[in-house]
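*Asks:* Please work out how this folds:
(2 chains)
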There are 2 protein chains.
Amino acid sequence: MTSRFSRRSLLGGGAAAAGAIGAFAVGRATDSGAPAGAAARTSGERAASYAFRGTHQAGIVTPAQDRLHFAAFDVTTDDRAALVELLQQWTDAAERMTRGEPAGPSGAVEGPVDLPPDDTGEAYGLPASGLTITFGFGPSLFRTDDGVDRFGLADRQPAALRTLPHFPADVLDPARSYGDLCVQACADDPQVAVHAIRNLARIGFGTVSVRWSQLGFGRTSSTSVDQTTPRNLFGFKDGTMNLKAEEPEEVDAHVWVAAEDDPAAGWLAGGSYLVARRFAMGIEVWDRQPLGDQEAFVGRTKDSGAPLSGGDEFTAPDFDMPGSGGTTIIAEDAHVRLVHPDFNGGVKMLRRGYNFVDGSNALGGLDAGLFFLAFVRDPDTHFIPIQTKMAAGDALMEYLKVNGSALFAVPPGIGEGEYVGQALFA
Amino acid sequence: MTSRFSRRSLLGGGAAAAGAIGAFAVGRATDSGAPAGAAARTSGERAASYAFRGTHQAGIVTPAQDRLHFAAFDVTTDDRAALVELLQQWTDAAERMTRGEPAGPSGAVEGPVDLPPDDTGEAYGLPASGLTITFGFGPSLFRTDDGVDRFGLADRQPAALRTLPHFPADVLDPARSYGDLCVQACADDPQVAVHAIRNLARIGFGTVSVRWSQLGFGRTSSTSVDQTTPRNLFGFKDGTMNLKAEEPEEVDAHVWVAAEDDPAAGWLAGGSYLVARRFAMGIEVWDRQPLGDQEAFVGRTKDSGAPLSGGDEFTAPDFDMPGSGGTTIIAEDAHVRLVHPDFNGGVKMLRRGYNFVDGSNALGGLDAGLFFLAFVRDPDTHFIPIQTKMAAGDALMEYLKVNGSALFAVPPGIGEGEYVGQALFA
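*Replies:* Numbers count the residues shown, from 1 in each chain, chains lettered A, B, ... in the order given. Okay, the predicted model is just below:
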């Protein structure tokens, strides 16, 4: 037994020492995917990481990382104090993990042998990998469908935080929809994103259960001008028009809730609303459409992403340019036209979606698509009208089916010594 | 319309020109995750890639990449010629994609507007990302359960290529098991691995359908001495004892089928058998076990992966070292003891498994675990005995449930001008 205990006594101070290293290197992590030696996970030296505390939560204007694990939780207790304690514990663990440290102070491997470790270990040795953890509160946290005020929060429910309406293409699976709480974990290594959700679920055992979760890869939206626009599983660039972090006035106008927006929900000022929608793509049918038709449905070329009216990816579309047969070159039902701010009262979203493939569907095809995530200042103005229009008239909808849907209020950033959503419970 | 056609006429020669660039850079790709400019996918300049043709198929001794998309297919035709044609088309497309090129000659964006593209486009602009594509044939390709010789191949069915027996911990889901054909796509970018499977499924439309597919990340086994041993979702290093590419005599002895192994199946010489097993982990229960118990179940420390008898990760375990209470320090039911070559006739496997998280299970937990992939010379000697022993007596089995299972014969490498499995059909 000598070797086991000597290892622990030698290394017992490691976690505490590492906790003192608080400097953040803000920037993109490299994604080598390979473990970087055990030291990396406790010291964070090799990894880029993002500050957990600040004016706004991380993971919104943060340059979109490459991998996602998103989870919605149901709260299984009626005890408000237990809920608050969970949020305090989650805040602590999330801050540690975004630094590249274990989820708890004793860590994955150095704690007492007669207790479960306070970190599950699969990210031990991996760098922080640009991890961000973003929390949200669903409508059902405030009131049940029957109107029960579960935690004394009903009078603080934001007016816009309601179950989204049924849209024409919705075939919602309740097991992929809704939720009292949500956590978005983004990182440049899937093992790090999965580790974050898994440890928050572990900490929440007895207080919450995972209602649904979704992995994603190959983000579909760039949130920084430094990022190349990635492609979705239709094969098209996706997110060309996305709001960028480098446009603070636009972000203020379209993403952050202002104090005056909702007098009953002052706690949400500096926060946002998060729309999550699981768009299953009929990729087998899509793949049999001619290239010209695919481009007509989108209204952009598949190559550069330029509008069909010409130019390059970032050229403004000319919606009036005549095509053949008395129509416009960008069709009336083209996706780019339907969702363009010019035809939607100027509203913009900050999208942060990811591609997914979740095995196979019952038809011998791939269960693949786009897990749409968007942060907006007000879903009533910035999401519901545009989604209604798209569901009714967008040429792409023939190849899309929405089987998961949820809306969350995302509290503002977490100050020093605070826990996430503290103002809601104050 | 000018801009659309001028783009095509300018770039029309691109795919053909890129096809002439045949040099392979063998080595690990970097995984930036970000698109590297459209040129990368057609020229392959930025990416490490692996040779598709050779003595053995790629993706076996290839240093394990970080991401996996694995698919099993059912053949939906009775026409042998159609099956052969599919294998020819798959060979051509796989070779293209491993070079970082589109799946077909006209590509994702440059083909005629009135035809579907011969590449789906989501990997356009991404480097080859170390992609390997490995093909296998299931027992049901040779004979149905009723003994029907579907394609005139029954007399060439390898004796060891049978449905795996039922093991004690198996609770198999037929929708996650078996298959006539399999394709393992590994890459350092999930979008590239997904793109490969998706395009092979597209090409096979009408001839095959996807029976099941599995994504994986954070490989659990290193196949090269240059790779750090990664961690599974139990939080332990996994694959310490794995066969390594740098041990050619061991690989010859344990992985490659020799010509004399099975006179009826000479076509398999230089190939291997691929065992695929989906181990669902009870991670929520595991996470509540004390650290000392977790280490006792595995027989190794969670930190360095050293055997509990001492030393470092690669120190040979001392299975006789006495512990307390008259037992050995490495328990009788410890995983490391049960699967060790010393207690299994010296057999070794080349494991190439991946971690997975596939959303949630019905119990409010994560559907997470280990997608076990192993290449062996003979499943009757190298897999079935050890799995039988593990299922019956391994302390870890309390936390594992196998709900997917399949066995495939993996034909040898593909020579110039050949298609995969050509010797089987000759």
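*Asks:* Residue A:189 and residue B:329, how far apart?
*Replies:* 34 Å (CB to CB, to the nearest Å). Where you see a C-beta, it was placed from the backbone N, CA and C, and this is true even at glycine.
*Asks:* quick one, which of these two is more surrounded?
*Replies:* The neighbour count for residue A:189 versus residue B:329, taken as other CB atoms under 10 Å in any protein chain shown, is higher for residue A:189 (31 against 22).
*Asks:* Contacts only, for the residue nearest to residue A:77 when sequence neighbours are not counted.
*Replies:* In this structure, residue A:77 finds its nearest non-sequential neighbour in residue A:207, 5.2 Å apart by CB to CB, 6 or more residues apart in numbering or on different chains. For residue A:207, the contact set (CB atoms under 8 Å, 6 or more residues apart in numbering or on different chains) comprises A:75, A:76, A:77, A:82, A:83, A:85, A:86.
*Asks:* Dihedrals phi and psi, residue A:207?
*Replies:* phi -110, psi -40 (degrees, to the nearest 10).
*Asks:* Using a markdown table, lay out the contacts of residue A:207 together with neighbour count and distance to residue B:391.
*Replies:* Below are the contacts of residue A:207 laid out as a markdown table (neighbours: other CB atoms under 10 Å in any protein chain shown; distance: CB to CB, whole Å):
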| residue | neighbour count | distance to residue B:391 |
| --- | --- | --- |
| A:75 | 22 | 38 |
| A:76 | 14 | 34 |
| A:77 | 16 | 38 |
| A:82 | 16 | 40 |
| A:83 | 22 | 42 |
| A:85 | 14 | 41 |
| A:86 | 22 | 38 |
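*Asks:* Please identify which pair of those lies farthest apart.
*Replies:* A:76 and A:85 (13.9 Å; CB to CB).
*Asks:* Among the contacts of residue A:207, which lie within strands?
*Replies:* Taking DSSP state E as the definition of strands, these contribute residue A:75.
*Asks:* from the contacts of residue A:207, which single one is nearest chain B?
*Replies:* residue A:76 (8.0 Å; CB to the nearest CB).
*Asks:* dump the residue contacts of the closest one.
*Replies:* If you count contacts by CB under 8 Å, 6+ apart, then residue A:76 has A:206, A:207, A:208, A:209 around it.
*Asks:* Could you report the neighbour count for the nearest residue to residue A:239 once chain neighbours are set aside?
*Replies:* Counting by CB to CB, 6+ apart, residue A:221 is the residue found nearest to residue A:239 once chain neighbours are left out, at 3.3 Å. By other CB under 10 Å, the residues close to residue A:221 number 26.
*Asks:* measure residue A:221 to residue A:348 for me?
*Replies:* Applying CB to CB to residue A:221 and residue A:348 gives a distance of 12 Å.
*Asks:* now do residue A:278
*Replies:* 22 Å.
*Asks:* now residue A:386
*Replies:* From residue A:386 to residue A:348 the distance is 10 Å (CB to CB).
*Asks:* picking up where we left off before, can you check what pLDDT the model gives the residue nearest to residue A:77?
*Replies:* On pLDDT, residue A:207 comes in at 97.
*Asks:* Let me see the contact set for residue A:74.
*Replies:* Contacts of residue A:74 (CB under 8 Å, 6+ apart): A:179, A:180, A:208, A:209, A:211, B:364.
*Asks:* Equivalent analysis for residue A:243, please.
*Replies:* Counting by CB under 8 Å, 6+ apart, residue A:243 has contacts A:223, A:250, A:251, A:254, A:255, A:348, A:349, A:350, A:351.
*Asks:* Next one, pLDDT for it please.
*Replies:* For residue A:243, pLDDT reads 94.
*Asks:* what about it, which helix or strand?
*Replies:* According to DSSP states H and E, residue A:243 maps onto no helix or strand at all.
*Asks:* Look up how far residue B:320 lies from the nearest residue to it once chain neighbours are set aside.
*Replies:* Counting by CB to CB, 6+ apart, residue A:243 lies nearest to residue A:350, which is 4.3 Å off, once chain neighbours are set aside. Noted for residue A:350: a distance of 62 Å to residue B:320, by CB to CB.
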